[in-house]
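Colleague: Next input, structure requested:
(one chain, ligands or ions: 1)
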Amino acid sequence: MATPTSSSSGRTWWKEGTAYQIYPASFKDSNGDGLGDIAGILSKVDYLKELGVDILWVSPMFESPQIDMGYDISNYEAVHAPYGTVEDMQALIDACHKRGMKIILDLVINHTSAEHAWFKESRSSRDNPKRDWYIWKPPRYAEDGTRLPPTNWRSYFSGSTWEWDEHTQEYYLHLFAKEMPDLNWENEETRQAIYDSAMRFWLERGVDGFRIDCVNMYSKRVGFLDAPIVDAAVFEQPAWSEYANGPRMHEFLREMNQAVLDKYDTVTVGELPHTPDPRHVLRYVGANDKQLSMVFQFDIVDIGQGASGKYRFQDWKLPQFKATVAKWQQFIEGTDGWTTAFCENHDQGRSVSRFASDAPEHREHSAKMLALMLSTLTGTLFIYQGQEIGMINVPKEWTIDQDYQDIESVNFYHAAIKVARETMAGNRQAIQDETDYIRRSIQILGRDNARTPMQWDDSNKSAGFTDRPEGGWMRTHDLYPEINVAKQIDEPDSVLNFWKSMLRLRKLNKDLFVYGNFHLYEPDNENTFIFAKTTFPVGGTTASAGQAAVVMLNFTGKDQTVTLPSLDEVGALRLQVGNYVDSAASEELDLVAGPGQQRTLRPWEGRLYMSS
Ligand code: NOJ
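Modeller: Model (predicted):
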């Protein structure tokens, strides 16, 4: 058993380390079956070390029927056979540790797969001892006698959260697919079984912590009331007010720490949707009240999502993006809480396509500009596979029926089209417009954008991801000959090498970039994003000596003139990095930039100035 070495306050490995998320199915196939695997990950550990990664986060690689790509686990103590074995995972854990890296796994304990032995028992009869391990409820009946589910809650994957079980004549709850029943955290015995099987089993094998799936959904409001109606066209309504951040949530997390996590030197990063209030988030991440080391608060990746449905894209403007970054940077200042810096994961469209430009002439500058932004932000930095080479969204021509695979977007599409046909009957143009709009929204926001195979090289039409002649389990992005790792390793000015140098710079200047204060300038400017990072509070009256940096980013495809803000406390600033190859040359005659000076930023240009 590992001895605890770091406290959860102060400076720790998990604050300073750069984390990299691996999606096993799409990372690297070692045995030619078209699916990524553990041996494939193992073969790339040195690549990740070289990139500057300190912590690997491996998305679910447990035994699973793969209804939701492994987030439906049928056995926590086994590995999905096509990915490998527990021994392969041990080899990966050891390989990380040998290189001074840490490794964390996904802890998916809001639900299991319906194929999990626990659920099979639970559904076998109403008096089975495990019946109460899941959430079973009797039906309601309409006045005409029609059987209705216990509530009107909408599942994340469309339709109801309740599935009728013919055999035992009750409904069970599933916030996600019907093949993913929710565990009943109110049951003490269930919680203990989760701690043993999903957590201790892997901690004893050396894993360094967990990314915790749906971390605020275990405690439901047990009254099980209907959710307010916000979408009158359908019966099922968004219901997170009823199941997120429920009354026993903090108690459960404290218990999990006391019973399990405190016995090891671990990190936890919780997935925390539906929680917009910083004071509320601080209750989860305050170091004193041990619950979570940090969370992913999703405002940044929710930008552009529709209010009544995720895949109803809404245009957004830069001030919203800047305010979001500023809010989740600053909320920990003066507290003992901690934050994360990220803008991609396996549930999101690619950041270059969503927040910048993936046009051929702009995509490299865009990817580097976002890299510059992220690597200078406070908090633990998380990069998602492929982000380091600037992978972009799938092309518009890809079709829902043939190319998209994700249960969430495919179900959404079919449900939305069904409603359109029912409610717009006869108006073919309106139905077509609605279909086009949903397709476009999925092309921007869809999870499949993040799940295309990693583009390693141009050795075959699968971008070196697999040797299988028919290709990988999912279509490879058409642009792999232009965007791939091998090509970028060889190009000094590639996106990949830019990320490498930024991660080095971040490590060399931790006080400023990992732990510093964040200050936003010109919040209403719709074209540029200018912020300062300082080792002291900006605007203080004392001329304290400290380190400072100013980051200036052009979020448009046109030249923009910017004014260097004043940071009286530090005086002159010097250009440190730019994302244009000639950034340094363009400042040759004027290396020292003082406050009030103007600069012109070219399309999607980013510059970092630092105090000397
Ligand atoms: C969040 C995960 O990130 C997502 O991929 C998954 O579908 C749901 N939780 C359900 O586990």
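Colleague: and stretch 413-422, how far out from the chain's middle?
Modeller: Here the centre of stretch 413-422 is set off from its chain's centre by 28 Å, with CA atoms, centre = their mean, to the nearest Å.
Colleague: What residues of that stretch count as buried?
Modeller: Residues of stretch 413-422 classed as buried by neighbour count (16 or more other CB atoms under 10 Å): Tyr413, Ala415, Ala416, Ile417, Ala420. Every residue, glycine included, has its C-beta placed from N, CA and C.
Colleague: elements contacting the helix or strand harbouring Ala25?
Modeller: Here Ala25, judged by DSSP states H and E, is contained in helix 24-27. Secondary-structure packing of helix 24-27 (3 or more CB pairs under 8 Å, 6 or more residues apart in numbering; DSSP states H and E): helix 38-42.
Colleague: Kindly format the C-alpha coordinates of the helix it packs on as CSV.
Modeller: The C-alpha trace of helix 38-42 is given here as CSV (Å, rounded to 0.1, in the frame of the first residue of the first chain):
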residue,chain,number,x,y,z
ILE,A,38,-3.5,-1.2,-23.6
ALA,A,39,-0.4,-2.5,-25.4
GLY,A,40,-0.9,0.3,-27.9
ILE,A,41,-1.0,2.9,-25.0
LEU,A,42,2.1,1.2,-23.5
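Colleague: average pLDDT across the very next helix or strand once past that helix?
Modeller: Scanning forward in sequence from helix 38-42 by DSSP H and E, the next helix or strand is helix 45-51. For helix 45-51, the mean pLDDT works out to 98.
Colleague: Enumerate the positions of helix 45-51 that are buried.
Modeller: Residues Val45, Leu48, Lys49, Leu51 are the ones in helix 45-51 that count as buried (16+ other CB under 10 Å).
Colleague: now those as JSON lines including distance to the ligand?
Modeller: JSON lines is the format used below for these (distance: CB to the nearest ligand atom, whole Å):
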{"residue": "Val45", "distance to the ligand": "23"}
{"residue": "Leu48", "distance to the ligand": "21"}
{"residue": "Lys49", "distance to the ligand": "26"}
{"residue": "Leu51", "distance to the ligand": "23"}
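Colleague: do you know how far the closest residue to the ligand within the chain is from Thr556?
Modeller: Residue nearest to the ligand within the chain: Tyr71 (3.4 Å; CB to the nearest ligand atom). Distance, Tyr71 to Thr556, using CB to CB, to the nearest Å: 37 Å.
Colleague: So which of these two has more stuff around it?
Modeller: Tyr71 (24 against 17; other CB atoms under 10 Å).
Colleague: Might you report the residue contacts of the more buried one?
Modeller: The contact partners of Tyr71, taken as CB atoms under 8 Å, 6 or more residues apart in numbering, are Pro60, Ser64, Asp106, Val108, Phe176, Met180, Asp213.
Colleague: ditto for Ala486
Modeller: Trp456, Asp457, Asp458, Ser459, Gly464.
Colleague: And for Gln387?
Modeller: Gln387 sits next to Glu344, Arg350, Ser351, Ala367 when contact means CB under 8 Å, 6+ apart.
Colleague: Quick check: the second one touching Asp448?
Modeller: No. Look at Arg350 against Asp448 with CB atoms under 8 Å: they stay out of range, at 10.7 Å.
Colleague: So for those two, which sits in the more crowded spot?
Modeller: Legend: neighbour count by other CB under 10 Å for Arg350 and Asp448, higher for Arg350 (26 against 23).
Colleague: still on that earlier bit, near the ligand, from the contacts of Tyr71?
Modeller: For the ligand, the contacts drawn from those by CB under 6 Å from any ligand atom are Val108, Phe176, Asp213.
Colleague: where are the low-confidence patches of the protein?
Modeller: Within the chain, the segments meeting pLDDT under 70 span 1-9, 539-545, 584-595.
Colleague: near the ligand, which residues of it?
Modeller: Residues of the chain lying close to the ligand (CB under 6 Å from any ligand atom) are Asp68, Tyr71, Val108, Phe176, Asp213, Cys214, Glu271, His346, Asp347.
Colleague: partner residues bridging the residue lying closest to Val295 once chain neighbours are set aside?
Modeller: Excluding its sequence neighbours, the residue lying closest to Val295 (CB to CB, 6 or more residues apart in numbering) is Leu272, at 4.0 Å. With beta bridges defined as DSSP bridges, Leu272 has these partners: Gln297.
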